[in-house]
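Peer 1: Here is my input; please provide its structure:
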Amino acid sequence: MTIADLNTMEYNTYYQTYIDKVDHTELVSGLISSNAKFSAFLEAIPEAKFDFAYAEGKWTIKEVVQHIIDTERVFSYRAMCIARKEQVELPGFDQDDYVLTSNANERTKQSLLNELRVLRQSSVALFDSLSNDALQRIGTANGNPISVRALGFILIGHENHHSEVIKERYL
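Peer 2: Next up is the predicted model:
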C-alpha cells in the first residue's frame, strides 16, 4: 500500500499538512523508517532540553513526544475499529487537554522514547496484519470520513511534522 494509492476523499483536508510530509511511499516500511529516524533524532537531544518550552504556554519537548504517543494510540485504535467494520462514529479528542493531564514532564526522556518505540512496533504489527481491503475501508472519526490507510500515513506525517517543529523552535 503506497501513498500514491491514497486519494483526498479518504481524509479531511485538515490532515493534508501531514500527508504532504510523508517522505516514504509504502505504508508499513514508512512507519518503520520514520520512527527509526525520529527516535534517533530525539536520542541526540540532551535530556535537559526535553524540559524546554520555546514560549510561555507552549509544550515542552516531553509534552510534544507524549502528544505524538497519544495521537498514535488514538489513530491506531481508529484504524483497528474501521478495519473491523465498526459502524459507530469514533470520537475526537482534545490534544491540549490530553497533554495537560499526561504528566509528561514528570517522565524521563528514556521512558518516553521507550513507549514511543514500543507503540510504533504495535502500530506496525496492526497495519502489517491488514488486508488491502481492510486498509481501504472508510469509517467516521471526529465527524469526518477517514480510511484506515490514511490514518497510517497521517501517523508518519504527524511524526515528521513534529520533528520539523522541534528542529525549528526548540533546538
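Peer 1: mind pulling up the phi and psi values for the residue sitting furthest away from the middle of the chain?
Peer 2: For the chain, the residue at maximal distance from the C-alpha centroid (CA atoms, centre = their mean) is Glu56, at 24.7 Å. Main-chain dihedrals, Glu56, degrees, to the nearest 10: phi -60, psi 130.
Peer 1: isn't there a strand covering Thr140?
Peer 2: Yes: assessed with DSSP: H, G, I helix; E, B strand; the rest coil, Thr140 lies in a strand.
Peer 1: got a pLDDT number for the residue nearest to it when sequence neighbours are not counted?
Peer 2: Nearest-residue entry for Thr140: Glu89, 4.4 Å, with adjacent residues in sequence omitted and distances by CB to CB, 6 or more residues apart in numbering. Backbone N, C-alpha and C define where each C-beta goes, glycine included. For Glu89, the pLDDT comes out at 96.
Peer 1: sorry, back to before: would you mind measuring from the residue farthest from the centre of the chain to Pro145?
Peer 2: Per CB to CB, to the nearest Å, Glu56 is found 38 Å from Pro145.
Peer 1: Report the buried residues of stretch 102-121.
Peer 2: Within stretch 102-121, the residues that count as buried by 16 or more other CB atoms under 10 Å are 102, 104, 107, 109, 112-113, 115-116, 119-120.
Peer 1: correction: stretch 138-149
Peer 2: 139, 141, 146-149.
Peer 1: Over to stretch 73-89?
Peer 2: Residues of stretch 73-89 classed as buried: 73-76, 78-83 (neighbour count, 16+ other CB under 10 Å).
Peer 1: starting at the chain centroid, how far to the helix or strand hosting Ser29?
Peer 2: Assigned by DSSP states H and E, Ser29 falls within helix 27-43. Offset of helix 27-43 from its chain centre (CA atoms, centre = their mean, to the nearest Å): 11 Å.
Peer 1: how far away is the residue farthest from the centre of the chain from Glu63?
Peer 2: For Glu56 relative to Glu63 (CB to CB), the value is 14 Å.
Peer 1: what do you get for Leu130?
Peer 2: 31 Å.
Peer 1: and if you look at Cys81?
Peer 2: Distance, Cys81 to Glu63, using CB to CB: 27 Å.
Peer 1: Fine by me, thanks again.
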